[in-house]
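Participant: need a 3D model of the sequence below.
(2 chains)
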Amino acid sequence: MAESAPASSSPSHDGRKRRPKAVDASVERQRAGETEHLGRRAVDLSRFYAGKIETVPRVPVRSLHDFSLWYTPGVAAVSRAIQADPELAFELTGRWNTVAIVTDGSRVLGLGDIGPRAALPVMEGKALLFKYLGGIDAVPVPIAVSSPDEFLSTVEALAPAFGGVNLEDIASPKCFGILERLAQRLEIPVWHDDQLGTAAATVAGLLNALAVTGRSIGESRTVLLGAGAANIATARLLIAAGQDPRRLSLVDQHGVLHAEREDVDELSVRHPWKYRLALQTDGGGRTGDLARAVEGADVLVAASTPIPGTVRAEHVKAMAQKPIVFALANPVPEIWPDVARNAGAAIVATGRSDFPNQVNNSLVFPAVFRGVLDARARSVPDEVVLAAARELARLAARKGVGPHHILPTMEEMDVFPDVAAAVADAAVAAGVARRPLTHDEFLERARVLMARSGRLVRTLARAHLTAPMPHGPVGQRRSI
Amino acid sequence: MTTGATPPARPAPPIRLRPAREADVGAIVPLLLRLKRLNEEFDPLLKVRDDAEAQAREVLAAQLADPKAVVLVAEGTGAEHEKIVGVVRAVVRERPFYVPEFEGAILDIYLLPLYRRRGVGEYLLTEVTAALKAKGAGVVTAEFSAQNEIAVQFYAKRGFRPVTSIHSRPL
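Facilitator: The predicted structure is shown next:
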């Protein structure tokens, strides 16, 4: 975000002193040091383990004779059965539980357009999360394509192998068209985690943050800073959850997005999703810069640039009493949580695990996929995404919500099966489920499948089929 | 017409159409420039000149004095009283070789985004067509970027079809 003029020179409401800048800088240096250390260790361990996932059989193999069942000639009958009834692929093969993690590598983490080859380690990590948290067999599929059309036809060609598609790390705005068109073309759920996962986690956190500060979503003035994949989806989901679009301001590098902004006709051609929001929100009644947008706002959700100071104490001070501030850029938030709190923020959330209130898509995607796969959903409509957010918020509340606990933490993994079941129920209610089971059946399935992954990982380790994590420098050693 | 994605349906805002006056030029110029910049998005051969603003003023001033030209503005009412939200610019031209002898050529239609898809464009088209007919036009034409699919659809729905084509290449 380009910086704007200070919001106001009003003194701090709580009278506390702002944290001196030097402390922020040293914290930042320390964190950068930690990140560098983690990076070195990750490279060492990647070399040691030579990849993060592998294929494991689901069937016993007593001797090579069994291959007359698992393979030819027996398998031909299985193929004929699916030829006669394609839906049987979800019964007779692993398709029901297999997800493609597809990227073109055009916007990987904060690294930018690093291409499909360099994106593979990230997709492997995602596949590991899918397996460990969701009990889902996810296959990393970075693809070398040169246009959105080629992207679409490639994924369409791959679809027969998969029960779902998880799009990952695709540049905005092309990610919107790719998601929309793929979802139309494919008969399986298509999800773009950078849009939907982040948006669902954000909305879940906001629902509780609003409750804790005694607000209703319908009356909140909300500012979204950054109009990339995450916030465009968050805006849509918030409106679906009851946010008044006329009290919603999106702010990007050109300022508040409104219906008469100079670039709005250009957006109608190049970025219809943003154009739609420009008309729908019309700036939330504001024009100008971030400083103007945040005046009196209840909520600020920043998903923009990982530079502390993108959101400043002055911005928070200009908001309403007890404001809610989500600073979601990774690896560093747009404003450090202590700076936001000292400026009066009642609730602060970030994308990081080392601060309270981590808004993390890993809270969402394993459960969403578990749910839509178990319901054999054809798609993931917004009401299903919203159901995931609401359930996540409800489960956090079950353990008691407060300024430092608006979302479950990643340690509270017992919430995943409930979210999965809520998602599956919502898919049934939305009429997109090919296999409508009862809530209890969905819940039980999710519990069993999710717990199985943990057992699998522990069992492989106990049997020394995965090497123990080496301590200290790994050097050139290999696990095999 | 320059509408893109569908905005939420809201009732048509009250709009008044009237012929443009000298005093409107300052409000019309930015609308014309928005339209020209949109055309630039569609086609690099429609790149907007640096002096386009001054040109727009001159062209408008000349047309306001030209009895063969029609410039109408759409004006808001109520809270948006006297705010100019749209413009149509057209001219009656002789066709030396064909009948009907005179055509009414719609050169520009622009509406601010919030006023699109609510029948205002249709209203502008109807009114400008009537004005051109009153000035002797026996056929009405519309000129826009060939890449502007939305304009193609808008006019096609209202009975327009391609008659002549202008093809272009840079030199």
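Participant: which SS class is whichever residue of the stretch 151-300 of chain A sits closest to chain B?
Facilitator: Proximity to chain B, evaluated over the stretch 151-300 of chain A using C-beta to the nearest C-beta, is greatest for A:S268 at 2.8 Å. Quick note: C-beta positions are derived from backbone N, CA and C, even for glycine. Following DSSP: H, G, I helix; E, B strand; the rest coil, the label given to A:S268 is helix.
Participant: straight-line length of stretch A:349-363, end to end?
Facilitator: From the first residue to the last, stretch A:349-363 extends over 14 Å; the measure is C-alpha to C-alpha, to the nearest Å.
Participant: please read off the pLDDT at residue 5 from the model.
Facilitator: Let's take chain A. For A:A5, the pLDDT comes out at 36.
Participant: try again with chain B
Facilitator: For B:A5, the model assigns a pLDDT of 41.
Participant: which SS state does A:V325 fall under?
Facilitator: On the basis of three-state DSSP, A:V325 is classed as strand.
Participant: can you show me the strands along the stretch 151-300 of chain A?
Facilitator: A:164-167, A:190-192, A:222-225, A:248-252, A:255-256, A:299-302 (DSSP state E, counting those that start in this stretch).
Participant: packing partners for the last one?
Facilitator: Looking back up the chat, that one is strand A:299-302. Identification of packing neighbours for strand A:299-302 by 3 or more C-beta pairs under 8 Å, 6 or more residues apart in numbering or on different chains; DSSP states H and E yields helix A:198-212, strand A:222-225, strand A:324-327.
Participant: which strands or helices does the last one pack on?
Facilitator: Secondary structure elements in contact with strand A:324-327, counted by 3+ C-beta pairs under 8 Å, 6+ apart, are helix A:198-212, strand A:299-302, helix A:337-342, strand A:347-350.
Participant: just to revisit the earlier point, can you tell me which of the helices and strands packed on strand A:299-302 is most buried?
Facilitator: Comparing the helices and strands packed on strand A:299-302 by mean neighbour count (mean count of other C-beta atoms under 10 Å in any protein chain shown), strand A:324-327 comes out on top with a mean of 30.
Participant: list the contacts of the residue nearest to B:G104 when sequence neighbours are not counted.
Facilitator: Computed as C-beta to C-beta, 6 or more residues apart in numbering or on different chains, the closest residue to B:G104 that is not its neighbour in sequence is B:L132, at 2.7 Å. The neighbours of B:L132, taking C-beta atoms under 8 Å, 6 or more residues apart in numbering or on different chains as the test, are B:V70, B:A90, B:V92, B:G104, B:I106, B:V140.
Participant: quick revisit: got the strands of the stretch 151-300 of chain A as a markdown table, with mean pLDDT columns?
Facilitator: Supplementary listing: the strands of the stretch 151-300 of chain A in a markdown table, determined by pLDDT from 0 to 100:
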| stretch | mean pLDDT |
| --- | --- |
| strand A:164-167 | 98 |
| strand A:190-192 | 98 |
| strand A:222-225 | 98 |
| strand A:248-252 | 98 |
| strand A:255-256 | 98 |
| strand A:299-302 | 98 |
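Participant: could you export those strands as CSV, including distance to A:G431?
Facilitator: Written out in CSV, the entries for the strands of the stretch 151-300 of chain A read as follows (distance: least, C-beta to C-beta, whole Å):
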stretch, distance to A:G431
strand A:164-167, 18
strand A:190-192, 17
strand A:222-225, 30
strand A:248-252, 29
strand A:255-256, 38
strand A:299-302, 31
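Participant: for chain B, what are the nearby residues on chain A?
Facilitator: Counting by C-beta under 8 Å from any C-beta of the partner chain, the positions of chain A adjacent to chain B are A:245, A:259-260, A:262, A:264-270, A:272-273, A:275-276, A:278-280, A:282.
Participant: if any of those are buried, put those into a ChimeraX selection.
Facilitator: Buried members of those, defined by 16 or more other C-beta atoms under 10 Å in any protein chain shown, are picked up in ChimeraX with:
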select /A:245,259,264,265,266,267,268,269,272,273,275,276,278,279,280,282
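Participant: how many other residues sit next to A:A446?
Facilitator: Burial measure for A:A446: 27 neighbouring residues, criterion other C-beta atoms under 10 Å in any protein chain shown.
Participant: so how far is chain B from it?
Facilitator: As judged by C-beta to the nearest C-beta, to the nearest Å, A:A446 and chain B stand 36 Å apart.
Participant: circling back: mind checking the helices and strands packed on strand A:324-327 for the one nearest to A:I406?
Facilitator: Proximity to A:I406 (C-beta to C-beta) singles out helix A:198-212 among those, at 4.0 Å.
Participant: so where do the helices sit in chain B?
Facilitator: Along chain B, the stretches classed as helices by DSSP state H are B:25-42, B:52-64, B:120-134, B:149-157.
Participant: near chain A at all, the first one?
Facilitator: Yes - contact between helix B:25-42 and chain A is present through B:R34, B:L35, B:R37, B:L38, B:E41, B:F42 (criterion: C-beta under 8 Å from any C-beta).
Participant: redo those as TSV? Include pLDDT.
Facilitator: Formatted as TSV, the residues of helix B:25-42 next to chain A follow (pLDDT from 0 to 100):
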residue	pLDDT
B:R34	96
B:L35	96
B:R37	95
B:L38	95
B:E41	93
B:F42	94
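Participant: closest to A:G164 among those residues?
Facilitator: Comparing those against A:G164 with C-beta to C-beta picks out B:E41 as the nearest, at 35.8 Å.
Participant: how close does that closest one get to A:R270?
Facilitator: As for B:E41, its distance to A:R270 is 7 Å (criterion: C-beta to C-beta, to the nearest Å).
Participant: rewinding a little: could you dump the helices and strands packed on strand A:324-327 into a markdown table with distance to A:E168 added?
Facilitator: A markdown table is the format used below for the helices and strands packed on strand A:324-327 (distance: least, C-beta to C-beta, whole Å):
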| stretch | distance to A:E168 |
| --- | --- |
| helix A:198-212 | 12 |
| strand A:299-302 | 22 |
| helix A:337-342 | 27 |
| strand A:347-350 | 21 |
